[in-house]
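> got a predicted structure plus its sequence, pasted below:
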Amino acid sequence: MIDAWLTLSLPYMVFAVAGFYTATAAFLFWLSFGRLTRRWMLSFNGAIAELFSAIMVIFGIQIGFVASDIWDRNRRASAAVETESASLTMLNALASASGLPADGIRQAIRVYVMAVTGKEWPSMAASGMGAPEAEDALGGLLRTVAATQHNSGDASAKFDALLLDMALKVQAARADRLVLSAPYSESIKWACVLILALTGQISIAMLHLDRPRPHLAAMVIFTSSLVLIIVLIAANEGPFQPPLAISSDPIARVLELLPKQSGEPPAPAPPSKAI
């Protein structure tokens with residue numbers, strides 16, 4: 001259930017969190033001041049503020065751990081995408097400077113970039129997995145680079161190792177990207193966060209059993225803050241999954257460096273996301 005919530009679009013995610021905690025706040029208000037339950041709830045009167053403080057300390061530590069994990073994964077995913085883009089750019093530059101026929105390498109780069117942006121990014125967004133088309137295109141790129149070599153006595157033969165090394169860096173960056181895109185459930189951590197948030201609402205209710213208006217004001221302020229911070233962190237749970245996903249624009253921009261082919265269709269628009 002938590003995994004399904006984490007993949008909702010941003011408006012639905014906000015609606016789900018806000019709806020749940022608004023409902024619990026309304027229930028606690030009714031429980032505290034309803035005719036049928038008022039006398040029973042007053043029997044709990046006398047709770048001290050340290051109750052709320054202790055719960056919030058635990059909540060802050062837990063949500064800090066979750067946020068730290070998420071930010072770290074997003075940072076590493078962004079770095080992997082930038083490394084992949086930079087390696088492709090450098091591979092194209094080395095191919096041009098090597099003195100070898102570079103058309104084959106450029107075409108292999110073009111096929112790979114289009115497979116990644118057109119096939120692999122939607123696949124990562126949907127399932128967290130790579131696309132076979134991108135795997136095949138990467139294999140074709142490696143084979144093309146390995147087959148494009150100088151004669152052994154040529155003074156420019158040093159470029160051969162550089163070209164192959166750069167192609168292997170593309171492969172390594174893609175592997176890092178797919179590892180970070182793979183489904184990775186944080187359900188238990190998120191369950192702890194959501195339960196502690198509910199416990200915080202209960203402690204607010206326990207501290208404001210005397211008058212309804214202070215109870216209502218405290219609950220609205222606390223619940224609003226709760227919804228904001230939970231949605232902000234949850235929206236970034238998956239680096240390449242909705243509601244927010246890292247853009248493939250850095251890789252797609254490599255196509256702009258390659259010579260245009262006659263009749264070449266425009267590059268597919270990558271599923272974008274602000275990072």
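Alright, I've got the coordinates.
> list the residues that contact Thr223.
Counting by CB atoms under 8 Å, 6 or more residues apart in numbering, Thr223 makes contact with Tyr21, Thr22, Ala25, Gln201. Heads up, the C-betas are built off the backbone N, CA and C, glycines and all.
> roughly how far does the last one sit from Ser127?
The reference is to Gln201. To Ser127, Gln201 is 35 Å away according to CB to CB, to the nearest Å.
> of those two, who's got more company?
Shown here are Gln201 and Ser127; by other CB atoms under 10 Å, Gln201 has more neighbours (20 against 13).
> Met219 is in contact with that one, correct?
Yes - Gln201 lies in contact with Met219 (CB atoms under 8 Å); the separation is 6.8 Å.
> what residues are shared contacts of these two?
Residues touching both Gln201 and Met219 (CB under 8 Å, 6+ apart): Ala25, Leu28.
> was I right to think Val254 contacts Leu88?
Yes - here Val254 reaches Leu88: they are 4.6 Å apart, a contact under CB under 8 Å.
> more neighbours, the two?
Set side by side, Val254 and Leu88 show more neighbours around Leu88, with 27 against 23, by other CB under 10 Å.
> tell me which element that one falls in.
Taking DSSP states H and E as the criterion, Leu88 maps to helix 49-97.
> is it true that Gly128 touches Ser181?
Yes - between Gly128 and Ser181 there is a contact under CB under 8 Å: 5.0 Å.
> mutual contacts of these two, please.
Residues touching both Gly128 and Ser181 (CB under 8 Å, 6+ apart) are Gly238, Phe240, Gln241.
> how close does the last one sit to Ala182?
Summarising the geometry, the distance separating Gln241 from Ala182, computed by CB to CB, is 11 Å.
> same question for the second one.
Relative to Ala182, Phe240 is positioned 10 Å away (CB to CB).
> need the residues that contact stretch 191-209.
So stretch 191-209 is contacted by 2, 21, 24-25, 28-29, 31-32, 41-42, 44-45, 47-49, 51-52, 55-56, 58-59, 62-63, 66, 214-215, 218-219, 222-223, 226, 230 (CB under 8 Å, 6+ apart).
> can you select the buried ones among those for me in PyMOL?
To isolate the buried subset of those in PyMOL, counting by 16 or more other CB atoms under 10 Å, use the following:
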select buried, resi 2+21+24+25+28+29+32+41+52+55+56+59+62+63+66+215+218+219+222+223+226+230
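> got the residue ranges for the helices in the stretch 101-250 of the chain?
All helices of the stretch 101-250 of the chain, identified by DSSP state H, counting those that start in this stretch, fall at 103-115, 121-127, 132-147, 158-181, 187-207, 212-234, 249-252.
> and of those, who's closest to Ala16?
Checking these against Ala16 by CB to CB gives helix 212-234 as the closest, at 9.1 Å.
> distance between the closest one and the chain's centre?
Its chain's average C-alpha position is 25 Å from that of helix 212-234, according to CA atoms, centre = their mean, to the nearest Å.
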